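1. Attaching a predicted model along with its sequence, questions to come.
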Amino acid sequence: MDMKKMMKQAQMMQKNLDAAQAEIAEMETTAESGGGMVKATVNGTNELVSLEINKDVVDPEDVEMLQDMVVAAVNEAIRSMSAISQQKLGAVTGGMNIPGLM
């Protein structure tokens, strides 16, 4: 195999990978729980950037339910962003599993 050709392909893949990672970092996804009563938005670096809680779900007598809905919405938003990231990066790497990438 031609070593120069292989190096050029690796450099191109790295460039595409960097572009995909930059694109992912700018993305956001939102998930809901409690029928839309709680909404969590996570960005491409898995940071919680927004949390909306409908005032009708705030019940001082049932704080546990609200806590559960917040956890559910945040976890679903993180799972969704992870799936989007894997899909985008998988398209660049051709499905190769590269350690430390995801």
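-> On my side now, so go ahead.
2. for the lengthiest helix in the chain, which positions count as buried?
-> Assignment by DSSP state H gives helix 63-93 as the longest helix of the chain. Using 16 or more other C-beta atoms under 10 Å as the test for burial, helix 63-93 gives 66, 69-70, 72-74, 76-78, 81, 85, 88-89, 92-93. Every C-beta, even on glycine, is put in place using the N, C-alpha and C of the backbone.
3. which strands and helices sit next to it?
-> Counting contacts by 3 or more C-beta pairs under 8 Å, 6 or more residues apart in numbering; DSSP states H and E, helix 63-93 packs against helix 3-26, strand 28-33, strand 38-43, strand 48-53.
4. out of the ones you listed, deepest packed?
-> Of all the helices and strands packed on helix 63-93, strand 38-43 has the most neighbours on average by mean count of other C-beta atoms under 10 Å, namely a mean of 21.
5. between that one and helix 63-93, how many degrees?
-> Here strand 38-43 runs at an angle of 30 degrees relative to helix 63-93 (axes from the mean of the first three to the mean of the last three C-alpha atoms, to 10 degrees).
6. partner strands of strand 38-43, parallel or antiparallel?
-> strand 28-33 (antiparallel), strand 48-53 (antiparallel) (DSSP bridges).
7. Can I get the helices and strands packed on helix 63-93 in a markdown table including distance to Asp62?
-> Putting the helices and strands packed on helix 63-93 into a markdown table (distance: least, C-beta to C-beta, whole Å) gives the following:
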| stretch | distance to Asp62 |
| --- | --- |
| helix 3-26 | 37 |
| strand 28-33 | 15 |
| strand 38-43 | 13 |
| strand 48-53 | 13 |
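8. Just tell me which of those ends up closest to Asp59.
-> strand 48-53 (11.4 Å; C-beta to C-beta).
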